[in-house]
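>>> Let me see the structure of the following:
(chains A and B)
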Number of protein chains: 2
Amino acid sequence: MTTDYRFLKACNSEPVDTTPVWMMRQAGRFLPEYRAVRSKVSFLEMCHTPALCTEVTLQPIDILGVDAAILFSDILVIIEPMGMKLDFNPSPVFEDPIKTQADADALRVIKPEEDVPYVMETIKMLRRELVSRNVPLIGFSGAPFTLVSYMVEGGTSKNFMKLKNMMWGAPQLYRSLMEKVTECVILYLKAQVEAGAQALQIFDTWGGILSPADYLNYVLPYTMRVIKAVQTPGVPVINFVGNSQGIMPLVAQAGGDVIGVDWRIDIAEARRQVGKGKAVQGNLDPLALLAPIPEIDKKVKEIIVAAGDTGHVFNLGHGIVPETPVDHVKALVESVHRHGESHRVK
Amino acid sequence: MTTDYRFLKACNSEPVDTTPVWMMRQAGRFLPEYRAVRSKVSFLEMCHTPALCTEVTLQPIDILGVDAAILFSDILVIIEPMGMKLDFNPSPVFEDPIKTQADADALRVIKPEEDVPYVMETIKMLRRELVSRNVPLIGFSGAPFTLVSYMVEGGTSKNFMKLKNMMWGAPQLYRSLMEKVTECVILYLKAQVEAGAQALQIFDTWGGILSPADYLNYVLPYTMRVIKAVQTPGVPVINFVGNSQGIMPLVAQAGGDVIGVDWRIDIAEARRQVGKGKAVQGNLDPLALLAPIPEIDKKVKEIIVAAGDTGHVFNLGHGIVPETPVDHVKALVESVHRHGESHRVK
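From the prediction side, this is the model:
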């Protein structure tokens, strides 16, 4: 049945009956069922418990009817076993961010099966659960640059001053840190494929904070190395960079079978800049899910027509927000499948 | 002497001896001389006092040697006389944001000479002071969309949920508010030209939060109306939209003699998307001013070579940050003038 998954076919730019859809943060706070699970444990406990991760991963499949499941976890779980204490309050905090070469040297390279066994266990449980649902499973990792940004800033940041200061002012330290994190990301994603992930998404949430010249110099080589190293026949890689509308050709150059597209660029223009031979994924404004349903339907149609028939996975341009009404998300899925079918060249 | 200003010539895409440079927030907290003035009064008091506004406007001219002065003020000062109480703590706050049609209807259209006389007085004082310095004066306003975003959100926002909800969910209310603010912006900018402003910049700080389709529908018509209405021979208009790298052709379509360019796009690519007949302004990452001076010099050279000889005003891609070392800014100005001269086709 694997080759019959609408989502995987679209990733490989093969013909499909209609446009597949999933949403970043589809297992998230907008779902009452997610909040019910989450209310019993801390966020990190939840990430560490395969049964709970499996439960919330399946919720959007059963409730919304999306075409792919994405492993529930957090991009930062691999940083803890590297040697940095992680807290959520509720946004992620590293109390002791990386400042010196000694800090970077003290980090260890992870062994995914030993250090994050709960992720591998979740993937195995999910594959068993997903057979009857006939939906494929996406594994994921943060891109090296986004992970390093948290490790250097100590959390989320407004203008990434510490990170940029290191990048330009202490490039050797920056690069040694990027090297080590790149190695960990490769091991982590390979272990996910080994455990059963059928596609991989690389989240470079903060890759869009740099000028194109800086992205090319300080980010692209590491993302490219990850994508080359994890390439596995039949397992497409989705390369998503947030706020990437000014660097689309470079994101495509970094690699991936599918290029994630932010909502702040026209998806037809994004596809033109990405070039032939790759699929695109996106790109509804996540806030548009708060708009009246007819407005959502209109926007879905515009995106589907602009993206074209093949090689398009419908998604948001960024994660779904907690305030989103569930019935609007259901309406979105229905809209995508309806317009995806009716606007297809027969 | 007016026609001899390097800055105005570059705005009009005329030949210049070297690339002119000024910086958004060049009169700002990174200057000890600014902090000295600011320490004696509140931010709003400062905005309301022509002598102080004049003093801080002149500081970067005298200290840094930039090629243009920009009126010191805040984009929100015109919203107070429209009928909304404004505070800074330190970011701007409207305690009673616009929620209903009645709220919007209660706003009055300003009479700039009566309602913000201190701005007009500052411009007149500055023109007298700038004669001996041989530097032209830029006036400015927030774009209608950015002003309305503050009026609806009540301050700065992470994801502009209230604004987008109004735009999509109550479009008539949104449009009536945009109409009224557009009218005020036009009157305000015309009064600035009357008082002596020699160029105008429109700051659409938040114009880049929307998809291209939404920008076209909900923002472009209002910016376009402003630019058409304030057109004055010899007074170029600079249209700056933050995070606009995915909507450059639409920003150019909205109008302006000069298009502001964010740092997250290559300036040569931006110019290609803007099209012929317009100048570009930008586009160094403001954080790059924290980098070592040789790194700044390298980035300046790359931008100058990419932007080309004519129709380029050097600037940052966003406002200068308070942590910026003053000697780095002086080095930037020197770099721009040096590379601007040496890379020019003779």
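>>> who does the spatially most central residue of chain A bridge with?
Computing the C-alpha centroid of chain A and ranking residues by C-alpha atoms, centre = their mean puts residue A:203 first, at 4.1 Å. Applying DSSP bridges to residue A:203 gives these bridge partners: residue A:142, residue A:240.
>>> Flag every residue of the stretch 201-346 of chain A that's near chain B.
Residues of the stretch 201-346 of chain A found near chain B (C-beta under 8 Å from any C-beta of the partner chain) are A:208-214, A:243, A:245-247, A:262-266, A:269, A:283, A:285-288, A:290-292, A:295, A:299, A:302, A:317, A:321, A:323. For glycine as for every other residue, the C-beta is placed from the backbone atoms N, C-alpha and C.
>>> how far does stretch A:49-58 sit from the chain's center?
17 Å (C-alpha atoms, centre = their mean, to the nearest Å).
>>> Report the buried residues of stretch A:285-294.
A:285, A:286, A:287, A:288, A:289, A:290, A:291, A:293 (16 or more other C-beta atoms under 10 Å in any protein chain shown).
>>> Which of these fall in helices?
Those of the buried residues of stretch A:285-294 mapping onto helices are residue A:293, per DSSP state H.
>>> In the stretch 51-200 of chain A, what residue lies closest to chain B?
Across the stretch 51-200 of chain A, no residue is closer to chain B than residue A:168, which sits at 3.6 Å (C-beta to the nearest C-beta).
>>> What is the neighbour count of that residue?
21 (other C-beta atoms under 10 Å in any protein chain shown).
>>> That one: what's its closest spatial neighbour, skipping adjacent residues?
residue B:291 (3.6 Å; C-beta to C-beta, 6 or more residues apart in numbering or on different chains).
>>> any idea how far residue A:222 is from that neighbour?
Separation of residue B:291 from residue A:222 (C-beta to C-beta, to the nearest Å): 20 Å.
>>> do the same with residue A:184
Taken as C-beta to C-beta, the span from residue A:184 to residue A:222 is 11 Å.
>>> which residues touch the residue nearest to residue A:332 when sequence neighbours are not counted?
What sits nearest to residue A:332 in space, not counting adjacent residues and going by C-beta to C-beta, 6+ apart, is residue A:296, at 5.7 Å. Residues near residue A:296 by C-beta atoms under 8 Å, 6 or more residues apart in numbering or on different chains: A:288, A:289, A:328, A:331, A:332, A:335.
>>> in which helix or strand would I find residue A:296?
Under the criterion of DSSP states H and E, residue A:296 resides in helix A:293-307.
>>> same deal with residue A:330?
helix A:326-342.
>>> Kindly report the same for residue A:227.
Going by DSSP H and E, residue A:227 is in helix A:220-230.
>>> circling back to that earlier point, I'd like to know how far the residue of the stretch 51-200 of chain A closest to chain B sits from residue A:288.
Distance, residue A:168 to residue A:288, by C-beta to C-beta: 37 Å.
>>> what do you get for residue A:108?
43 Å.
>>> all helices of the stretch 51-200 of chain A, in order?
A:79-82, A:101-106, A:112-115, A:117-133, A:144-153, A:161-169, A:171-195 (DSSP state H, counting those that start in this stretch).
>>> Might you report the residue contacts of the residue nearest to residue A:168?
Residue B:291 neighbours (C-beta under 8 Å, 6+ apart): A:164, A:165, A:168, A:169, B:299, B:328.
>>> lowest average confidence, helix or strand, in chain A?
strand A:86-88 (a mean of 92; mean pLDDT, DSSP states H and E).
>>> I'd like to know which elements that one is packed against.
helix A:43-48, strand A:92-94 (3 or more C-beta pairs under 8 Å, 6 or more residues apart in numbering or on different chains; DSSP states H and E).
>>> Using JSON lines, lay out these together with mean neighbour count and mean pLDDT.
Listed next are those as JSON lines, based on neighbours: other C-beta atoms under 10 Å in any protein chain shown; pLDDT from 0 to 100:
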{"stretch": "helix A:43-48", "mean neighbour count": "17", "mean pLDDT": "96"}
{"stretch": "strand A:92-94", "mean neighbour count": "18", "mean pLDDT": "94"}
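>>> Same list, the ones you listed, but as a markdown table with distance to chain B please.
Converted to a markdown table, the helices and strands packed on strand A:86-88 look like this (distance: least, C-beta to the nearest C-beta, whole Å):
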| stretch | distance to chain B |
| --- | --- |
| helix A:43-48 | 19 |
| strand A:92-94 | 16 |
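>>> Out of those, which gets nearest to residue B:62?
strand A:92-94 (43.2 Å; C-beta to C-beta).
>>> for that closest one, the distance to its chain's centre please.
19 Å.
>>> and what of stretch A:278-287?
Counting by C-alpha atoms, centre = their mean, stretch A:278-287 comes out at 12 Å from the chain centroid.
>>> SS state for residue A:315?
strand (DSSP: H, G, I helix; E, B strand; the rest coil).
>>> So for residue A:1, what's the pLDDT?
Looking at residue A:1, its pLDDT stands at 40.
>>> for residue A:345, same thing?
Reported pLDDT for residue A:345: 71.
>>> surely it meets residue A:309?
Yes. Applying C-beta atoms under 8 Å, one finds residue A:345 in contact with residue A:309, separated by 5.6 Å.
>>> ok, these two, which is more surrounded?
Each of residue A:345 and residue A:309 has its neighbours counted (other C-beta under 10 Å); residue A:309 has more, 15 against 7.
>>> How much space separates the more buried one from residue A:17?
Distance from residue A:309 to residue A:17, by C-beta to C-beta: 11 Å.
>>> Kindly report the same for residue A:82.
43 Å.
>>> Neighbour count for those two, which is higher?
Neighbour count, other C-beta under 10 Å: between residue A:82 and residue A:17, residue A:82 has more, with 17 against 11.
>>> Compute the number of surrounding residues for the residue nearest to that one when sequence neighbours are not counted.
In space, and not counting its chain neighbours, residue A:82 is closest to residue A:107: 4.6 Å by C-beta to C-beta, 6+ apart. By other C-beta under 10 Å, the residues close to residue A:107 number 19.
>>> got a list of what residue A:107 touches?
A:82, A:83, A:84, A:98, A:177, A:180.
>>> Count the neighbours of residue A:273 for me.
With other C-beta under 10 Å as criterion, residue A:273 counts 21.
>>> go on, the one 4 residues further on?
Burial measure for residue A:277: 9 neighbouring residues, criterion other C-beta under 10 Å.
>>> Need phi/psi at the residue lying closest to it once chain neighbours are set aside.
Leaving aside its chain neighbours, residue A:277 sits nearest to residue A:13 (7.5 Å; criterion: C-beta to C-beta, 6+ apart). When quoted as degrees, to the nearest 10, the phi and psi of residue A:13 stand at phi 60, psi 30.
>>> ok, back up a step: what's the angle from the helix holding residue A:296 to helix B:171-195?
Counting by axes from the mean of the first three to the mean of the last three C-alpha atoms, to 10 degrees, helix A:293-307 lies at 70 degrees to helix B:171-195.
>>> pLDDT on helix A:293-307, on average?
So the average pLDDT for helix A:293-307 ends up being 98.
>>> Could you check how far that helix is from the centre of its chain?
That offset, for helix A:293-307, works out to 22 Å (C-alpha atoms, centre = their mean).
>>> For that helix, list every residue counted as buried.
A:293, A:295-304, A:306-307.
>>> now what about the helix holding residue A:227, what contacts it?
In contact with helix A:220-230 (C-beta under 8 Å, 6+ apart) are residues A:141, A:143-145, A:178-179, A:181-182, A:185-186, A:189-190, A:193, A:200, A:202, A:204, A:207, A:237, A:239, A:250, A:253-256.
>>> Please indicate which of those are buried?
Buried, going by 16+ other C-beta under 10 Å: A:141, A:143-145, A:178, A:181-182, A:185-186, A:189-190, A:193, A:200, A:202, A:204, A:207, A:237, A:239, A:250, A:254-256, out of those.
>>> Note down every partner strand of the least confident helix or strand of chain A and its orientation.
Going by DSSP bridges, the partners of strand A:86-88 are strand A:92-94 (antiparallel).
>>> And the contacts of the partner strand?
A:74, A:76, A:79, A:84, A:85, A:86, A:87, A:150, A:151, A:154, A:155, A:156.
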